[in-house]
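1. sharing a sequence plus its predicted fold:
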Amino acid sequence: MADLNTIIHNIKLKNPVLTASGTFGYGIEFDDFFDVNLLGGFIVKGTTIHPRQGNPYPRMAETYSGMLNAVGLQNGGAHYFASDIYPKLIKYETNVLVNVSGSTVEEYIACAEIINELDRIAGIELNISCPNVKEGGMAFGTSCSSVAAVVSAVRKIYKKTMIVKLSPNVTDIAEIARAAEGAGADSLSLINTLLGMAINAETRKPVLSTITGGLSGPAVKPIALRMVWQVAQAVKIPIVGLGGIMNATDAIEFFLAGASAIQVGTANFIDPLATVKIIDGIDQYLNRHKISSINDLIGCLHM
Amino acid sequence: MADLNTIIHNIKLKNPVLTASGTFGYGIEFDDFFDVNLLGGFIVKGTTIHPRQGNPYPRMAETYSGMLNAVGLQNGGAHYFASDIYPKLIKYETNVLVNVSGSTVEEYIACAEIINELDRIAGIELNISCPNVKEGGMAFGTSCSSVAAVVSAVRKIYKKTMIVKLSPNVTDIAEIARAAEGAGADSLSLINTLLGMAINAETRKPVLSTITGGLSGPAVKPIALRMVWQVAQAVKIPIVGLGGIMNATDAIEFFLAGASAIQVGTANFIDPLATVKIIDGIDQYLNRHKISSINDLIGCLHM
Amino acid sequence: MRKSVQNMKVVANLRLNDDHYLLQLNAPDQLENIYPGQFANIQVDQSQSVFLRRPFSIHTIDYQKNTISILIKEIGEGTRTLSHTPIDSYLSVIFPLGNGFTLPASKENVLLVGGGCGVAPLLHLAQVLNRDLNDVNILLGGRSEIDLVELDQYAKYGKIYTTTEDGSYGEKGFVTDHSIFSIELDQFTRIYCCGPEPMMKAVATKAKTKSVFCEVSLENTMACGFGVCLCCVTETIQGHKCVCTDGPVFNINQLKWQI
Amino acid sequence: MRKSVQNMKVVANLRLNDDHYLLQLNAPDQLENIYPGQFANIQVDQSQSVFLRRPFSIHTIDYQKNTISILIKEIGEGTRTLSHTPIDSYLSVIFPLGNGFTLPASKENVLLVGGGCGVAPLLHLAQVLNRDLNDVNILLGGRSEIDLVELDQYAKYGKIYTTTEDGSYGEKGFVTDHSIFSIELDQFTRIYCCGPEPMMKAVATKAKTKSVFCEVSLENTMACGFGVCLCCVTETIQGHKCVCTDGPVFNINQLKWQI
Ligand SMILES: Cc1cc2nc3c(=O)[nH]c(=O)nc-3n(C[C@H](O)[C@H](O)[C@H](O)COP(=O)(O)OP(=O)(O)OC[C@H]3O[C@@H](n4cnc5c(N)ncnc54)[C@H](O)[C@@H]3O)c2cc1C
Ligand SMILES: Cc1cc2nc3c(=O)[nH]c(=O)nc-3n(C[C@H](O)[C@H](O)[C@H](O)COP(=O)(O)OP(=O)(O)OC[C@H]3O[C@@H](n4cnc5c(N)ncnc54)[C@H](O)[C@@H]3O)c2cc1C
Ligand SMILES: Cc1cc2nc3c(=O)[nH]c(=O)nc-3n(C[C@H](O)[C@H](O)[C@H](O)COP(=O)(O)O)c2cc1C
Ligand SMILES: Cc1cc2nc3c(=O)[nH]c(=O)nc-3n(C[C@H](O)[C@H](O)[C@H](O)COP(=O)(O)O)c2cc1C
Ligand code: FES
Ligand code: FES
């Protein structure tokens, strides 16, 4: 057994495998499948200060090696999370993080303040990259000035680990990453979904009620890997890599590119046991290559 | 048989199916497979004023539903094209276009000037979006000012149809499209490849000699479709859509999104007969839906 | 039974007509109670273009042989690939998923209405209702005689009524044109319905007029099938609900259908 | 024969050892002259993760039965999927591709050297050289006896020499350790070589020392296989050349190998 311990700022992970927000519910839904405590941690679904109904159906389109979603941050709101969900999560011994979203800087702050009160939440992931909401969301993540504005505002009030989740829908990801780092992010996670579209040729209509949606799954992996690698050259804070990770080999590639931890998203839909298989596979890889610790892999791409 | 005639600026196409530069050689390579004159036209590989050796091997990585390439515009140069290749192309009765690239504005101009002399070349496709060359290439395509600079410079000396090929590696494709239109583009083609990366977990090295490369194939289709749709709302000049088109259904989706013609790229590698099957399939679709002309489909997405 | 991911062996694959196939799948672990109306989400790994799993109702269960069966109608690449799965190969199946139909607490007179491939969950339902000594009436509709598959199976568990659009078998017309709806509807205390949405809406309208309890089994495109992606929502009087976990069976009074 | 895309029927699939399979494919159109060293590019449509075709040397041709055979070594998902193709199913094959080996104009004394799966094109080559009345010598190497597949087939067309790394069959060591290289190399007017790159380089070095004509068959990752993507280049004294169209067979003097 290799040493899989790694650290994201103040959060100790017993292994570098987390789950991506919006693809793992509140964790509870996976209790039937496996012991969720086996994970390094998980990130619960996108939470906003006010409850959101999300977008109308249809919200999903299958694509070649991927899918588009237009869920639109359906959630019960931060108060509901604190009162109804959080009590169910304290049974977990692993790290639980909350993905925080908003339409205005004030909403981000208000939501983060509520999460800040919840002892057992290890940190937040600031979602400035959701392509599926009309206001805010991705718009915050696509210019350096708005990234800096929202990140520094939340930084003032949120004391624990703050991971900022970047949007891939930008010309220069390194510049955006530096803006988030400069504004006080403890870590960066990337990538969120790529803006895409699907059309039904038979009905001649867009498949999604929102016309465009967010692309995820293995189709986007090469783009995610490239961005993680670019950001790893650009910042000093730890990176959480995600985008299309289906198996341990994919995960290893992200570590080599510079990610200190990874998240598994869409793969959970195809195989609810994907995360545990990935943890096993990383261990096997390290043993086979006689690498004693995962930390000896992170950013160690041979050029 | 439905009416498949369509027009890109001054170029009459007997059907809206073209081939993407760099994926169809000089057309000649397909003579064994089918009668290339069946196509609406084809776009020969990226041509630069000086001969280029391209990048070192390895230049290719397979990805989920796609591939990365780092060919780097290997070509014999514009003079070689004019003297050695062009004479072999005049046998074709269909439209032949040349994809023009450069590292500086001057190189674009010099190359376009040579192509301008070749009677039987119907137009050029200005490639301001190649991610695989160190200088120029994609850099020109990712800011409005540089797009305007190169497009207006070439416009001054190139008299026939000039299609400008856009890079998808930008925050706001509509803004870039408007810049190209404003600078004198007759038509826009999109998308070129998305910047991606592949790592070999076993050797712990990047797969490509250039570390990053251009992602193409069905994996990128949802992104391409979204961008074509966004650009269709933003400009008045005709759009040539491409990115991951594998079959007639994919092609129809691009017409609905607003493309007046499409290009088939990576699909040529998997099935050299893909283009002819797509032409047939479009005809069948139009007949089945009782649509008399392809022009009644273009941009006709029901909302 | 708790939901799980299982590698199930294809032990039989029977072609019922042009585009309907019956797959029998053997579970490695002992099957426990599966409710009528629950479904399975099956991976399609033999196709280049299918990425997500495909949901199918559990058609029958054999607790002795430890098998379930799935009725597949070919409509696209996923169903085509699955319906051609060779015997002895394995499929990754997540099941049982969703909530089943609400069963009567004591003996009742019930009507099951199915059309097209919507019939799939009704066979298991009919069997359980029959076992519990209810009066089971089963109305099945199709475009033509050939669509009415497995009538002999249904007949084991209840009285059969049929319609075909072309009149080649049973009464002519849609299921809602069947005489049962004009004369005898009040005699039923429950209607369970499954099929294409317009058909379910038509049945729901009839049921509502006579204030008969009516449950329908919905189909939506799904990414996960177990309540985490929130892609499969339907509008209910309590807002968006997931078809995969809050359904697929809904009481018609819960839905925001214009009926 | 002109290159074309053909749907070929799998008429036989023979497992030769742990990871080697011999597939026999039937062409719908009459086969014409195919040169030793040419290859086929085969689509893998039964796998979710394989996108591009996979190139394989044409191992043997039967112009009577209108079949070609392909020797497959399983190394990844593509070769694994193809080697499990059931009999009677169809594969999309583009062939014949590339240039073959340069054949002697008149009777010569030739040496074929193959290792690992590199042996694939040598059987057809041996057959043609034998037909043309050359003296054919075939040196085949493997890690162990089990790797030396189809020796009886090769023996039909020439004199067999073998090496195994573990000494379980023939001379012990790598192919280049075979006594033929120390004593008799000058007697050959041509060496044709195919196998892993380090092995081909070692053979090329020996050939160069004795100034014997030597051709090698290269393998590179390919996207198209017919010269349009420019992904498969190798460094030659005339710059980048495509392995798929300028090769796969190259004279060692053309290559920029450090030998
Ligand atoms: C809970 C549930 C239970 C089901 N039970 C069965 C069953 O027992 N037997 C059976 O044959 N099928 C059943 N289905 C439907 C089945 O899942 C779909 O037919 C299948 O997913 C289609 O996959 P495909 O790849 O063949 O078609 P695709 O290529 O995915 O789709 C082909 C066309 O059908 C449309 N389509 C796909 N899925 C649906 C859907 N669910 N509703 C409406 N339109 C759709 C697509 O938009 C497309 O136009 C069930 C679905 C659900 C949600
Ligand atoms: C002209 C030519 C002729 C060939 N003839 C034969 C033949 O007759 N029989 C046979 O079994 N194989 C032959 N090959 C090799 C065969 O094409 C590869 O083994 C196959 O493409 C691997 O596919 P895969 O999906 O199984 O492995 P992948 O999953 O694609 O690859 C597995 C691993 O092998 C490496 N790899 C893949 N392809 C190659 C390659 N071509 N060279 C070096 N490393 C590679 C990959 O980088 C990866 O690490 C030939 C290749 C060429 C170019
Ligand atoms: C159905 C769905 C819902 C998602 N919801 C959220 C969300 O609420 N917040 C967020 O930051 N990302 C959300 N995402 C994005 C994922 O967390 C992840 O960034 C993306 O899917 C890429 O990873 P993957 O390819 O592994 O899925 C969602 C993705 C999917 C597919
Ligand atoms: C091997 C390869 C070489 C390419 N060379 C060029 C080129 O020279 N000039 C250019 O504008 N685009 C080039 N492209 C991009 C394609 O023309 C096209 O924009 C892209 O591949 C997306 O389309 P597709 O997904 O249908 O392949 C190349 C693509 C590939 C795969
Ligand atoms: S399909 Fe994912 S929540 Fe229902
Ligand atoms: S593989 Fe495409 S040029 Fe050789």
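-> All right, it came through fine. Ligands and ions are numbered 1, 2, ... in the order given.
2. which residue lies farthest from the center of the chain?
-> No chain in the question, so chain A it is. Outermost residue of chain A with respect to the C-alpha centroid, by CA atoms, centre = their mean, is A:E202; its distance is 34.6 Å.
3. meant chain C, my bad for not saying
-> C:Q48 (27.8 Å).
4. any figure for the gap between the closest residue to C:N17 other than its chain neighbours and B:L38?
-> When the adjacent residues along the chain are set aside, C:N17 lies closest to C:I146, with 5.1 Å between them (CB to CB, 6 or more residues apart in numbering or on different chains). (Glycine included, C-beta is placed from N, CA and C.) As judged by CB to CB, to the nearest Å, C:I146 and B:L38 stand 40 Å apart.
5. neighbours around the spatially closest residue to the residue farthest from the centre of chain C that is not a sequence neighbour, how many?
-> Using CB to CB, 6+ apart and skipping the chain neighbours, the partner closest in space to C:Q48 is D:D45 (5.5 Å). When counting by other CB atoms under 10 Å in any protein chain shown, one arrives at 16 neighbours for D:D45.
6. and D:D45, how far from B:S65?
-> Note on D:D45: its distance to B:S65, by CB to CB, is 13 Å.
7. same check on A:L118?
-> Counting by CB to CB - A:L118 and B:S65 are separated by 40 Å.
8. show me what contacts the residue of chain C found nearest ligand 6?
-> Closest contact between chain C and ligand 6, by CB to the nearest ligand atom, is at C:Q48 (19.9 Å). Neighbour list for C:Q48: B:65, D:45, D:47-48, D:50-51 [criterion: CB atoms under 8 Å, 6 or more residues apart in numbering or on different chains].
9. need the contact list for C:F39.
-> Neighbouring residues of C:F39 by CB under 8 Å, 6+ apart: C:55-58, C:95-98, C:121, C:225, C:248.
10. I'd say A:K277 and A:T249 touch.
-> No - A:K277 is beyond contact range of A:T249, at 11.2 Å (criterion: CB atoms under 8 Å).
11. now do the shared contacts for the two.
-> Common neighbours of A:K277 and A:T249 (CB under 8 Å, 6+ apart) do not exist.
12. just the CA coordinates for the host helix or strand of C:F181, please, in PDB.
-> Secondary structure assignment for C:F181, by DSSP states H and E: helix C:179-183. Taking C-alpha atoms only, helix C:179-183 is exported to PDB below (Å, rounded to 0.1, in the frame of the first residue of the first chain):
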ATOM      1  CA  SER C 179     -65.500  -0.100 -24.400                       C
ATOM      2  CA  ILE C 180     -64.200  -0.600 -20.900                       C
ATOM      3  CA  PHE C 181     -63.800   3.200 -20.600                       C
ATOM      4  CA  SER C 182     -67.300   4.100 -21.600                       C
ATOM      5  CA  ILE C 183     -69.200   1.600 -19.500                       C
END
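13. give me the buried positions along that helix.
-> C:180-181 (16 or more other CB atoms under 10 Å in any protein chain shown).
14. equivalent analysis for stretch A:273-280, please.
-> For stretch A:273-280, burial by neighbour count (16+ other CB under 10 Å) applies to A:273-279.
15. repeat that for stretch C:195-211.
-> C:195, C:199-204, C:206-207.
16. and the residue of the stretch 201-303 of chain A that's closest to ligand 2?
-> A:T249 (10.4 Å).
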